[in-house]
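>>> Requesting a structural model of the entry that follows:
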Amino acid sequence: MTDIKKLVGESLAEIIEAAKHGGPCVRVGLMASGSELGREELARGAKVALETYGNVRPVMIGPRIAGFEELDWIETPDGPMCDAEIANALEAALKDGRIAAAVALHYPFPLGVTTIGRVLTPARGRVMLIAATTGTSSANRGEAMLKNAIYGTATAKALGIREPTVGILNVDTAQPVFRALTRMAERGYKVNFGASVRKDGGAVLRGNDILAGAVDVCVADALTGNILMKMFSSFSTGGSYEAVGWGYGPSCGEGWRNIVSIISRASGAPVIAGALSFTASVAAGGLPDRVEEEIAAAKKAGMDEEIAAMTTKTAAEEDVKAPPAEPTDEELHGVDVLEIENAVRSLWRAGIYAEPAMGCTGPVVKLAAKNAERGEAVLKENGYL
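Predicted structure coming up:
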């Protein structure tokens, strides 16, 4: 009878807590060791989350720290094997449902799993997701960025953004990924491209756009995304203390069901608290299910075919000599930097003299104005535009 009363009491407490805060209170585990700022900083972050955000109940995993009795704990032994004990306890708590998700300072994600970060952009105070920030969704850059766009969209939807705007950072492979998403959109995949704040617009983003938060989801490779996260979170502290934001975000991958978010060893209490709340939000929003739904819709619209085209394309056009040189007074934009040499060779093969060059917004193909229209058609026909 006592056990039944206890269960009823706990259930009523959860219902009351959810009603107070407008939604469920999600139990999220937090590694209690590994920070360069000390264990207390991690516990302070959990305490801030508990006091500030109504959607999360932090559960510390590790040796208990004095002075933080109000926090829930899954205790592990202190000693030389401390980190391994914490990692094992975190995995066990996820598996048996004692926590719905976790925030970790390190986690061995398999190839194919990446994380989606969240930042506060300084120019206009907008929140923006960075897809992706750690791990990797593929060893192939083009495939990874295409999947990052899908995972970023799924994360935004798990946060309650019904039609998130998507932009692609102007790094290597941005243009092929943009073209692949455009073709998928034509075949039914719903992608809502955002626009640059610059005069010429477009969904390929420059530095101004990420400072302004021009889109809900900024797509990049994970290495670039990781650098952006560090810059956004610690630009005012000199880099030794991440003071702003929500951390490197929750894990996403095809068939991946665990929600494990990443913070760094330099993440301060405000970021730790934000990461716990962010993780609770996407857990409540059913992130793994959102990922599977987006992947299914993308595959239906030809995602696998687009990936195959990007990963099997020959590294170079067949050897071809340039036609006689002539003045190049026109530029064609939109060719990816990794494809610029091959794009120029495709024009040579068509009898059009052209030269590769770099403009202020990226690579350009220079050719005579009289050949511009035909040159653009050739590049489109060969998949470079």
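>>> From Ala203, how far off is the residue lying closest to Asp72 once chain neighbours are set aside?
Sequence neighbours aside, Val59 is the residue nearest to Asp72 in space, at 4.6 Å (criterion: CB to CB, 6 or more residues apart in numbering). Bear in mind the C-beta positions are built from the backbone N, C-alpha and C, glycine included. According to CB to CB, to the nearest Å, Val59 and Ala203 sit 40 Å apart.
>>> Could you do Leu71 as well?
Distance from Leu71 to Ala203, by CB to CB: 43 Å.
>>> related to what we said a few turns ago, could you identify the helix or strand that succeeds the host helix or strand of the residue nearest to Asp72?
Using DSSP states H and E, Val59 maps to strand 56-61. Sequence-wise, the next helix or strand downstream of strand 56-61 (DSSP H and E) is strand 72-74.
>>> quick one: stretch 249-256 to chain centroid distance?
10 Å (CA atoms, centre = their mean, to the nearest Å).
>>> What residues does the spatially closest residue to Gly112 that is not a sequence neighbour make contact with?
The shortest distance from Gly112 to any non-neighbouring residue, by CB to CB, 6+ apart, is to Gly253 (4.9 Å). Neighbouring residues of Gly253 by CB atoms under 8 Å, 6 or more residues apart in numbering: 109-110, 112-114, 137, 151, 291.
>>> Which one (most neighbours) among these?
Tyr151 (33 neighbours; other CB atoms under 10 Å).
>>> Need phi/psi at the closest residue to that residue other than its chain neighbours.
Spatial nearest neighbour of Tyr151, chain neighbours left out: Cys252 (3.8 Å); criterion: CB to CB, 6+ apart. For Cys252, the backbone dihedrals are phi -140, psi 140 (criterion: degrees, to the nearest 10).
>>> Quick check: beta-bridge partners of Cys252?
Thr114 (DSSP bridges).
>>> OK, contacts around it?
113-116, 132, 137, 151, 154-155, 287, 291.
>>> Quick one: residues contacting Asp329.
368-369.
>>> Go again with 6 Å.
Ala369 (CB atoms under 6 Å, 6 or more residues apart in numbering).
>>> Test my guess that Arg39 contacts Ile65.
Yes. Here Arg39 reaches Ile65: they are 5.5 Å apart, a contact under CB atoms under 6 Å.
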